[in-house]
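J.: Provide a 3D model corresponding to the input given below.
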Amino acid sequence: MRFAVQSAGTLDVEAGGLVSNNSGSIGYKPGASGETLVTGEGSRWNMVSWLAVGDEGGNGTLNVQAGGGYCRGLQTTCPAAVS
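T.: Alright, predicted model coming up:
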């Protein structure tokens, strides 16, 4: 999954939401500006392989807060952010 490809974009995972994908980029290519927020108890972003934040000249931000979590690879649990 790539978002904010040579443009601006946001992805919010909230209120127990779940996003699962193989690999991805936040802010891909020059001129891109992407931001992801994973927030709220039980909210998770599960990534199988790699995540590039600010890829190939783009700008990207990943914020995990308030009980949200991000995990990649073969982790069986996603650690939650400290509230």
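J.: What ranges does the chain have for its strands?
T.: 2-5, 8-14, 18-21, 24-28, 33-39, 44-47, 51-55, 59-65, 69-72 (DSSP state E).
J.: among those strands, which is the most enclosed?
T.: Highest mean neighbour count of those: strand 24-28, a mean of 25 (counted as mean count of other C-beta atoms under 10 Å). The way it works is simple: take the backbone N, C-alpha and C, and place the C-beta from them, glycine included.
J.: any idea which helix or strand of this protein has the worst average confidence?
T.: Of all helical and strand segments in the chain, the minimum by mean pLDDT, DSSP states H and E falls on strand 2-5, at a mean of 64.
J.: where are the low-confidence patches of the protein?
T.: 1-6, 74-83 (pLDDT under 70).
J.: Isn't Gly31 up against Gly9?
T.: No - the criterion here is C-beta atoms under 8 Å, and Gly31 misses it with Gly9 at 11.8 Å.
J.: Can you pull the residues that touch both of these two?
T.: Residues touching both Gly31 and Gly9 (C-beta atoms under 8 Å, 6 or more residues apart in numbering): none.
J.: Tell me who's in contact with the residue lying closest to Asn22 once chain neighbours are set aside.
T.: Once flanking residues are discounted, Asn22 sits nearest to Val48: 4.7 Å by C-beta to C-beta, 6 or more residues apart in numbering. Residues counted as contacts of Val48 (C-beta under 8 Å, 6+ apart) are Ser20, Asn21, Asn22, Ser23, Arg72, Gly73.
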